[in-house]
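Undergrad: fold the following.
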Amino acid sequence: MDNNPKTENVMVNTLSSVDAIIVGAILILTMGAVIVLFGSDALAGATQVAMMSIGFLAALIGMKNGVAWKDIELSIIASISKTAIPILIFLAVGALIGSLMLSASVPTLLYYGLNILSPTYFYPLTCLITALVAICIGSSWTTAATIGVALIGVSYGFSLSPAVTAGAVVSGAYFGDKMSPLSETTNLAPSVAGSELFDHIRYMALVSFPSFIIALTLFFFVGLNSQDTAGTQEDIDAFLLAIEQSFSIHWINLVPIFLLLWLAIRKTPAFLAIMAVSLIGCLFAFVFQQQALSAFIIESNITGDGSTLKAFWQLLYGGFLISTDNQAVDSLLSRGGMASMVIMVWLVISSMMMTGVLERIGFIDKLLNGLIRFARSTGSLIATTMATCFGTNVLTGDQYMSIVLPGQMWRTEFEKRGLAKVNLSRTLEDAGTLTSPLIPWNACGVFMAGTLAVATLSYLPYCFFNIINPIVALLFGFLNIKIAKAPESDLSARE
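TA: Numbering: from 1, shown residues only. Next comes the predicted model:
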């Protein structure tokens, strides 16, 4: 162990209440100004600048209080390093989307979906389908990147709202992720709280299933009200014809998607699975989609020797391009590539820079510790824990931190009040996991917006499950419904 004092990063919380208020005001006012001034365009760069500016100003306040810049720098590095794998996954998903377009995997799903699904029941079915897939594979991200992308395409074919569709995808994907024993967060929450996995899932179901049924009902009524705006059969036929003329439609095109789902079930590391399927998708495009490949080479102005190899290379970094007589098909399928995720990577790095500074100067600890005074009853304890989870999601941009930090902070308090550990683990998921895709700069919000090509603030009002579930959890807490008490053995052991 290195005891050299020059290399130690001693965490000293020197932030006063006045300084904490100043930092909080800078954070709220700056982020609020970005949203007001730039709206849905904020993620194109304004939010990133705001976060780095907040980090800079907070660092100055920390240095005024005696925190060395070197220590702040080390905290920033540690914070950003946590996002290395998610950043690689972002870039890999960009490559995957381009690959799934040229290999006709997504166009084939669009084609079959438009022939099978109905505009009237499309939104609730989207929510239900993504929920079932996410339960099976335990990953909301993989569900969104495969089935979710295809369903967004179907919504364009039906001339339905992509924002509502994205809300249905996120709702279903996060319900399924939450209920799956294969999910990372579903395993993380009970491990932090000290509860047992399947007890945790059963206890979550008491809140999540009623919330999911309410969400499905709302999507059903939204679908009924959308009948007048749905596309005509002529529009749908034109959409299908453009796909038929551009690709060879066959069930074998779906193999890359099923392979990715199978790898997810086998718990293959996400980056390895996604990159592997991206390359396999290129192989399928070369074997089965020569017409689409030739058109892509022409559309991309690729010439000279090795044009086919250059085309696949450009597909993975620059995305897919297509030109048909149908503008809806062109705008939907011309996407993907690692380059399309660069702004999202910029957002994550900026968010983690700000988080690293706020952690090191003691702002996050000050905020979390100040909340304990509000937790007097069981209901207020659950509400405060949920607020802590949501606040951590906002400040750190990381859903794992929104489970780990509040879980560590509140575990002893739940035990002191004789509450079963499943109360805490359920609360961590109700607020930590479910609110993560609703925050534009959170890694989950960034991923969903980038993958589904719908801005976070656009789909947020339609994430019915993610919004309703925390509300139902709060009602259960304040009305003392299904609030389990700790077993006598646990109480005796603590005493």
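
Undergrad: next up, phi/psi of Phe414, please.
TA: phi -60, psi -40 (degrees, to the nearest 10).

Undergrad: with Ile322 instead?
TA: Per-residue torsions, Ile322: phi -150, psi 150 (degrees, to the nearest 10).

Undergrad: which intervals of the stretch 201-350 of the chain have sub-threshold pLDDT?
TA: Counting by pLDDT under 70, the ranges of the stretch 201-350 of the chain that qualify are 227-233.

Undergrad: now do the helices in it.
TA: For the stretch 201-350 of the chain, the helices defined by DSSP state H, counting those that start in this stretch cover 233-246, 255-265, 270-288, 290-299, 307-318, 327-333, 342-360.

Undergrad: same question for the stretch 1-150 of the chain.
TA: In the stretch 1-150 of the chain, the helices defined using DSSP H, counting those that start in this stretch lie at 17-38, 46-64, 69-81, 84-102, 105-116, 122-137, 140-143, 149-157.

Undergrad: hey, least reliable of those helices by pLDDT?
TA: For the helices of the stretch 1-150 of the chain, mean pLDDT drops lowest on helix 105-116, to a mean of 82.

Undergrad: other SSEs contacting that helix?
TA: Other elements packing on helix 105-116 under the criterion 3 or more C-beta pairs under 8 Å, 6 or more residues apart in numbering; DSSP states H and E are helix 84-102, helix 149-157, helix 233-246, helix 255-265, helix 327-333. (C-beta placed from N, C-alpha, C; glycine too.)

Undergrad: could I get stretch 83-94 in PDB with only the CA atoms?
TA: Backbone C-alpha positions of stretch 83-94 (Å, rounded to 0.1, in the frame of the first residue of the first chain) are rendered in PDB as follows:
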ATOM      1  CA  THR A  83     -18.400   5.800 -17.800                       C
ATOM      2  CA  ALA A  84     -15.700   4.200 -20.000                       C
ATOM      3  CA  ILE A  85     -17.700   1.100 -20.700                       C
ATOM      4  CA  PRO A  86     -21.100   3.000 -21.200                       C
ATOM      5  CA  ILE A  87     -19.300   5.300 -23.700                       C
ATOM      6  CA  LEU A  88     -18.000   2.300 -25.600                       C
ATOM      7  CA  ILE A  89     -21.500   0.800 -25.600                       C
ATOM      8  CA  PHE A  90     -22.900   4.100 -26.900                       C
ATOM      9  CA  LEU A  91     -20.500   4.000 -29.800                       C
ATOM     10  CA  ALA A  92     -21.100   0.300 -30.500                       C
ATOM     11  CA  VAL A  93     -24.900   0.900 -30.600                       C
ATOM     12  CA  GLY A  94     -24.300   3.600 -33.200                       C
END
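
Undergrad: please point out which parts of it sit buried.
TA: Thr83, Pro86, Ile87, Leu88, Ile89, Phe90, Leu91, Ala92, Val93, Gly94 (16 or more other C-beta atoms under 10 Å).

Undergrad: out of these, flag the one nearest to Leu125.
TA: Leu125 lies nearest to Val93 out of these, by C-beta to C-beta, at 24.1 Å.

Undergrad: from Ile274, how far off is that closest one?
TA: Separation of Val93 from Ile274 (C-beta to C-beta, to the nearest Å): 6 Å.

Undergrad: between these two, what contacts are shared?
TA: By C-beta atoms under 8 Å, 6 or more residues apart in numbering, Val93 and Ile274 have these common neighbours: Ala145.

Undergrad: and the contacts of whichever strand or helix holds Val446?
TA: Take DSSP states H and E as the rule and Val446 turns out to sit in helix 443-452. For helix 443-452, contacts defined as C-beta under 8 Å, 6+ apart pick out 43, 83, 86, 89-90, 93-94, 97, 140-141, 144-145, 148-149, 152, 162, 166, 169-170, 340-341, 344, 347-348, 351, 397-399, 436-440, 454-456, 459.

Undergrad: what's the local residue count around the nearest residue to Ala453 once chain neighbours are set aside?
TA: Nearest non-adjacent residue to Ala453, counting by C-beta to C-beta, 6 or more residues apart in numbering: Arg335, 6.4 Å away. Arg335: 19 surrounding residues under other C-beta atoms under 10 Å.

Undergrad: ok so, going back, looking at the helices of the stretch 201-350 of the chain, which is buried most?
TA: helix 342-360 (a mean of 24; mean count of other C-beta atoms under 10 Å).

Undergrad: that one - contacts with which helices or strands?
TA: helix 46-64, helix 69-81, helix 84-102, helix 363-370, helix 378-396, helix 443-452.

Undergrad: helices and strands around the second one, which ones?
TA: So that's helix 69-81. Judged by 3+ C-beta pairs under 8 Å, 6+ apart, the packing partners of helix 69-81 are helix 46-64, helix 342-360.

Undergrad: helix 17-38 and the last one, what's the angle between them?
TA: In other words, helix 342-360. Helix 342-360 and helix 17-38 are oriented at 170 degrees to each other (axes from the mean of the first three to the mean of the last three C-alpha atoms, to 10 degrees).
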